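Asker: My questions concern the predicted model and sequence given below.
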Amino acid sequence: MNILSRNAAQAETTGTSAPAPADYRLPLWFFALEGVLAAAFDIFKAFPAAWPVLLLLLAANITISLTMMRKRLGLAKALWRGRETRKIALGLIALRIAGHFAMNALGLAVTSTLGHALFALAMGALTIGLLAYSQHTAIRALTNTVPPAPAGPAT
């Protein structure tokens, strides 16, 4: 399903121009919010008193996703249907588990506040980078599948 062609068909009936693929681009601050939520486990382990802030960020993420990002939900749905995005999500979960198990096996268990804070920072940065890459790939694919506009009559 090409979300741009569906919106182009809607635009023809309403008389407005179809949104460009760049209009679907999610802002970097939204990825930063996702990165904080991806690092929530280690943030909580490092700072147990931070759980109310993490809950507020989760509620804010849901609210923003359903309000401000409403027009971009098509891209989000397309991303989640893509095999690459699911691989990224599962890979991040596996990396977190494997990282902690590997550190435990080496006798370097992450138990200190600094260790959890560094692990949270690494997971957050990795999440932001991979989500930005996935979005770039999806928008590039959408751009390449949009048919060119028909040429007008020569005058």
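Answerer: That came in fine, so what should we check first?
Asker: Where do the helices of this structure begin and end?
Answerer: In the chain, the helices defined using DSSP state H lie at 3-14, 28-38, 40-46, 51-66, 73-81, 83-105, 113-145.
Asker: Could you tell me the least trusted of the ones you listed?
Answerer: Within the helices of the chain, the least confident segment by mean pLDDT turns out to be helix 3-14, at a mean of 49.
Asker: can you count the residues close to Ile128?
Answerer: Summarising burial for Ile128: neighbours were counted as other Cβ atoms under 10 Å, giving 20. Yep, even glycine has a C-beta here, placed from its N, CA and C like the rest.
Asker: So it is in contact with Trp29, correct?
Answerer: No: in this structure Ile128 lies outside contact range of Trp29 using Cβ atoms under 8 Å: 10.2 Å.
Asker: coming back round to it: tell me which of the helices of the chain sits most buried.
Answerer: Greatest average neighbour count among those goes to helix 40-46 (a mean of 19), per mean count of other Cβ atoms under 10 Å.
Asker: Which neighbouring elements make contact with that one?
Answerer: Other elements packing on helix 40-46 under the criterion 3 or more Cβ pairs under 8 Å, 6 or more residues apart in numbering; DSSP states H and E are helix 51-66, helix 113-145.
Asker: now do 6 Å
Answerer: helix 113-145 (3 or more Cβ pairs under 6 Å, 6 or more residues apart in numbering; DSSP states H and E).
Asker: how far out from the middle of the chain is the helix it packs on?
Answerer: 7 Å (Cα atoms, centre = their mean, to the nearest Å).
Asker: Direction-wise, compare it with helix 83-105 and give the angle.
Answerer: Using axes from the mean of the first three to the mean of the last three Cα atoms, to 10 degrees, one finds that helix 113-145 and helix 83-105 are set 160 degrees apart in direction.
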